[in-house]
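Engineer: Please find the sequence and the predicted model below.
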Amino acid sequence: MQIVSPLVEDYAARYTTFQNDLLNEVHESTVHAHPHAHMLSGHVQGRFLALISNLVRPSMILEVGTFTGYSALCLAEGLVNGGELHTIELRETDAATAAENFSKSQWAKQIHLHCGNAKDIIPALEKKWDLVFIDADKTAYIDYYEMILPLVNTGGMIIADNVLFHGQVLAIPLAGKNAKAIDAFNNHVAQDARVEQILLTLRDGLLLIKKL
C-alpha cells in the first residue's frame, strides 16, 4: 500500500534541505545497485534523523540495522566531539558496503561497525545510549526494545522505523508475520509507562520514543 502520495513525497523532498555529496552518492549507488534499495531511509527521512540527532546532541548512538550506511551517516551529524556511533549489520555484504561508505566520512573514526547478530552484540558493548535507531528484523522489535531500553539514559530517545509496515498494520484482520509483529510492538510501547511516544507518518512510519 502506498501510504503517502508520491506527489506529496516529491513536494516534501523539494522543500527539505538537500543531502550532502556523500549521502547523495550512497543514495544513488544503493538505488541503482542494491536489490533491496527500498530499505534505504532516503532523503526526507535522513534529514529528519539528522535533525533529531542535532537536537539531542548524543555522545553515544546505537543503530540496529546498518544496511548501506545512509542512516548512520545522517545520525552521526549530531554527535558531540568525541562521541561514538555503534551500528550493527547482520549481512556481511551490506556491512562491507557500509564500511566503505563510512571511510569517506568526516565521522569515520567515530562510527564503529559491528557485523553479526544484534542480540549478541548489544549486551557485549556494555554502553549507555542517548539515541537509538531500530531498523532491522521486524519480528524482533519487541526483543530489541526490551534489551535496549534499560541501556538508554533518562531523556534519551529510541526511533523505530517501518512502524506502519507499508500500511499493512491497518488491515483487518492482520496478515503476515511482519505486520503482526509491528502492530504488537506499537501496542507494547503504547502500554509502557517508562516512556512517552509519538507515531509519525513519515515515509513508512517512525515511532519516536522518549525514556522518562
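Structural biologist: Looks like it came in fine.
Engineer: Would you mind listing the outside residues contacting the helix or strand harbouring residue 146?
Structural biologist: Assigned by DSSP states H and E, residue 146 falls within helix 141-148. By Cβ atoms under 8 Å, 6 or more residues apart in numbering, the residues outside helix 141-148 that reach it are 62, 64, 118-119, 122-123, 129, 132, 134, 136, 158, 160, 181-182, 184-185, 188-189. The C-beta positions use only the backbone N, C-alpha and C, and glycine is treated the same way.
Engineer: Return the distance of whichever helix or strand comes after that helix from the chain's centre.
Structural biologist: Later in the chain than helix 141-148, the nearest helix or strand by DSSP H and E is strand 152-161. With Cα atoms, centre = their mean, to the nearest Å as the basis, strand 152-161 stands 11 Å off its chain's centre.
Engineer: which strands and helices sit next to strand 152-161?
Structural biologist: For strand 152-161, the packing partners by 3 or more Cβ pairs under 8 Å, 6 or more residues apart in numbering; DSSP states H and E come out as helix 43-56, strand 129-134, helix 141-148, strand 206-211.
Engineer: buried sites along the third one?
Structural biologist: For helix 141-148, burial by neighbour count (16 or more other Cβ atoms under 10 Å) applies to 141, 144-145, 148.
Engineer: Run through the residues that contact the most centrally placed residue in the chain.
Structural biologist: Centroid-nearest residue in the chain, with Cα atoms, centre = their mean: residue 133, separated by 3.8 Å. Residue 133 makes contacts with 49, 61-65, 71, 75, 158-159, 161, as judged by Cβ under 8 Å, 6+ apart.
Engineer: just the buried residues of helix 141-148 now: which is nearest residue 208?
Structural biologist: residue 145 (13.1 Å; Cβ to Cβ).
Engineer: Which parts of this protein are helices?
Structural biologist: Secondary structure of the chain (DSSP state H): helices located at 6-14, 21-33, 43-56, 70-75, 92-103, 118-125, 141-148, 177-190.
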